[in-house]
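Student: here is a sequence with its predicted model. Questions after.
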Amino acid sequence: MKKFKFSAVIMATLIILSGCGMNNTTKGGLIGGGAGAGLGAMVGNLIGRNAGGTLIGAGIGAAVGTGAGVLIGKKMDKMKAAAEQVQNAQVQSVKDNNGLDAVKVTFDSGILFSSGKSQLSSTAMSNLTQFTNNVLKAYPDCDVAIQGYTDNTGFRGSTAEESVQKNIQLSQERADAVKSYLLAQGAGHSQIKSSTGFGENNPVASNATKEGREQNRRVEIFLYASESMIQAANEGTLQ
């Protein structure tokens with residue numbers, strides 16, 4: 001019986017993970033359905049976990065029902081569509097650690113910063129102003145996590161270990177710079193839950209090529225359901 005239950009959970013998870021053609025509304029219904037919190041937690045651990053073991057998602061103590069999952073999915077579809085209108089933003093659907101729909105917005109560090117620097121470029125300021133106005137202000141009930149990453153290029157005159165630490169520091173400064181600018185443009189202080197630098201961790205491409213290193217130098221902004229959004233969804237009042 002235990003083996004059967006485990007297989008059923010794995011199958012349900014695979015269905016969700018393979019549902020690339022599904023929008024967040026459909027996937028939200030699957031997560032919020034009969035599989036309950038156990039499946040949500042399992043999917044969340046697979047997708048919501050990022051470099052350094054960081055988890056994206058509000059802490060919830062109960063399962064989210066099918067209807068609530070659908071409502072959150074609809075909300076995330078709207079946020080994703082709004083984020084896709086922001087210049088230089090790469091947008092995709094992901095899951096948080098609760099298995100709920102979330103949105104990841106990636107900005108290439110080459111667009112945001114000069115090489116080795118943490119001061120935002122004029123292009124970055126324009127893009128992030130648009131992001132704040134079109135997304136964060138329009139959807140103040142979503143929570144936000146900001147994550148900075150670098151490639152594995154070393155620093156001149158530094159050991160490998162020193163370069164790792166310097167890359168962590170640079171990615172932290174860049175994540176903080178994005179957070180500070182978003183707040184200055186009117187994003188809610190309580191909305192942005194974290195800004196964290198992970199340095200060389202969690203590369204999305206090979207550091208062996210110039211193109212790969214460019215992809216690894218990035219800032220990711222996660223939009224996920226806040227506790228108030230989850231509560232409203234459970235009550236059926238989320239718009």
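Tutor: Here it is on my side, so go on.
Student: all strands of this protein, in order?
Tutor: Listed in chain order, the strands of the chain (DSSP state E) span 90-95, 101-108, 142-149, 192-197, 218-225.
Student: out of the ones you listed, which is closest to Glu161?
Tutor: When the strands of the chain are compared by Cβ to Cβ, strand 192-197 sits nearest Glu161, at 16.7 Å. From N, CA and C alone the C-beta is placed, and that goes for glycine too.
Student: can you give me the buried ones in the closest one?
Tutor: Across strand 192-197, burial judged by 16 or more other Cβ atoms under 10 Å covers Ile192, Ser195, Thr196, Gly197.
Student: not counting its neighbours along the chain, what's nearest the third one?
Tutor: This means Thr196. Distances taken as Cβ to Cβ, 6 or more residues apart in numbering place Gln147 nearest to Thr196, at 5.5 Å, with adjacent residues excluded.
Student: show me the shaky parts of the protein.
Tutor: Under the criterion pLDDT under 70, the flagged ranges of the chain are 1-54, 61-63.
Student: for it, longest helix please?
Tutor: As assigned by DSSP state H, the longest helix anywhere in the chain is helix 160-184.
Student: gap between that helix and the chain center?
Tutor: 17 Å (Cα atoms, centre = their mean, to the nearest Å).
Student: contacts for it next, please.
Tutor: 107, 109, 112-113, 116, 118-120, 124-125, 128, 131-132, 136, 144, 146-150, 152-155, 158, 189, 192, 195-200, 219, 221 (Cβ atoms under 8 Å, 6 or more residues apart in numbering).
Student: restrict those residues to the buried ones and give me that as a ChimeraX selection.
Tutor: In ChimeraX, this line selects whichever of those come out buried by 16+ other Cβ under 10 Å:
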select :107,109,112,113,118,120,124,128,131,132,136,144,146,147,148,149,150,152,192,195,196,197,198,199,200,219,221
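Student: count of residues packed around Gln92?
Tutor: Residues lying near Gln92 (other Cβ atoms under 10 Å) number 12.
Student: quick one: it and Glu84 touch, right?
Tutor: No: between Gln92 and Glu84 there is no contact under Cβ atoms under 8 Å: 9.8 Å.
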